[in-house]
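>>> Compute the structure for the input listed below.
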Amino acid sequence: MSDILILTHTDHCTPGHLAQVLRAQQLDYRVLRVDRGELAGVDLDRPKAVAIMGGAMSVNDPLPWLTTEVEAIQHFLQRDIPMIGHCLGGQLLAKALGAEVRTMAFQEVGWQRLQHTAQAANSPWLSHVSGEFELFQWHGDTFDLPPGAQHLLSNGWCQNQAFTWGDKVLALQSHPEMTAELVDLWLTEAGYLLDASQPSQQSISFMRENLPQRIAQLNQVAEGFYRHWLQLAFA
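Numbering: from 1, shown residues only. Model (predicted):
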């Protein structure tokens, strides 16, 4: 088993650019589909770094495998290993830490700008980005901040966009892992779910606009997150 474990939950939420970063650094990693029961029997004391990807489900759905995953995350928290959560993954981290995850009155979808909070000053997770930058979003749930968390990012649609807990856990409401192929897949497969009456949701045409440039910028932001995550695990 690899020292890097990536937990996934659906065909549409792959590791994306994270996998490209790991391959470029010739780092071995293992991807598990938790929704298919692939977490069963895994040695939870082996991984040195864990990434948790997104998914269309809610952490509050009555799915037995979600309970199994939360318990695994709590084990990783006790081991104090670096973890990074993407959207659903961030919400799972919040739930594992005792915070509430709830449905918003609207969905936030598209290329949204985020701002640093006052607590974000000097955070090593954000040392590579300015006080305001863009990330890709697609979520209808949000997390409250767990006890002891440091609130990092916010915007007008969703106050709690990111938090750290301790020095090794980053929970994100967004999808920094996106590639051009993933954006195209999501818009092709799930674009019909968009509601043009919600100003928090961008149009398909807008989300496709200047896609190569936006992805290049997103990749740079993601690489900063992943670089710090890997430094914590293998320094």
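
>>> can you map out the strands along the chain?
All strands of the chain, identified by DSSP state E, fall at 4-8, 30-33, 49-52, 83-86, 101-116, 132-143, 150-154, 162-165, 169-172.

>>> in the protein, which residue is closest to the centre?
Centroid check for the chain by CA atoms, centre = their mean gives residue 86 as the closest residue, at 0.8 Å.

>>> Could you pull up the contacting residues of that residue?
Counting by CB atoms under 8 Å, 6 or more residues apart in numbering, residue 86 makes contact with 13, 51-54, 172, 174-177. All C-beta spots, glycine's among them, are computed from the backbone N, C-alpha and C.

>>> ok, back up a step: what's the closest of the strands of the chain to residue 209?
In terms of CB to CB, the element of those nearest to residue 209 is strand 101-116, at 8.8 Å.

>>> could you give the angle of that closest one to strand 132-143?
Strand 101-116 runs at 170 degrees relative to strand 132-143, counting by axes from the mean of the first three to the mean of the last three CA atoms, to 10 degrees.

>>> how about strand 101-116: buried residues?
Using 16 or more other CB atoms under 10 Å as the test for burial, strand 101-116 gives 101, 107-112, 114, 116.

>>> would TSV of these with distance to residue 58 and pLDDT be doable?
Listed next are these as TSV, based on distance: CB to CB, whole Å; pLDDT from 0 to 100:
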residue	distance to residue 58	pLDDT
101	7	98
107	12	97
108	15	98
109	16	98
110	20	98
111	23	98
112	20	97
114	22	98
116	28	98
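
>>> quick one: which of those residues is nearest to residue 5?
residue 101 (22.0 Å).

>>> For the nearest residue to residue 211 once chain neighbours are set aside, give its distance to residue 141.
Of all residues not flanking residue 211 in the chain, residue 180 sits nearest, at 5.6 Å (CB to CB, 6 or more residues apart in numbering). Residue 180 sits 26 Å away from residue 141, going by CB to CB, to the nearest Å.

>>> List the residues that contact residue 127.
Going by CB under 8 Å, 6+ apart, residue 127 touches 224, 228.

>>> pLDDT below threshold where in the chain?
Within the chain, the segments meeting pLDDT under 70 span 1.

>>> surely residue 16 meets residue 179?
Yes: the criterion here is CB atoms under 8 Å, and residue 16 meets it with residue 179 at 5.0 Å.

>>> so what does the top helix by length along the chain touch, helix or strand wise?
Identified as the longest helix of the chain according to DSSP state H is helix 211-234. When contacts are defined as 3 or more CB pairs under 8 Å, 6 or more residues apart in numbering; DSSP states H and E, helix 211-234 sits against helix 17-24, strand 49-52, strand 83-86, strand 132-143, strand 169-172, helix 180-190.

>>> got the ones you listed as JSON lines, with distance to residue 77 columns?
Formatted as JSON lines, those follow (distance: least, CB to CB, whole Å):
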{"stretch": "helix 17-24", "distance to residue 77": "20"}
{"stretch": "strand 49-52", "distance to residue 77": "10"}
{"stretch": "strand 83-86", "distance to residue 77": "8"}
{"stretch": "strand 132-143", "distance to residue 77": "15"}
{"stretch": "strand 169-172", "distance to residue 77": "7"}
{"stretch": "helix 180-190", "distance to residue 77": "28"}
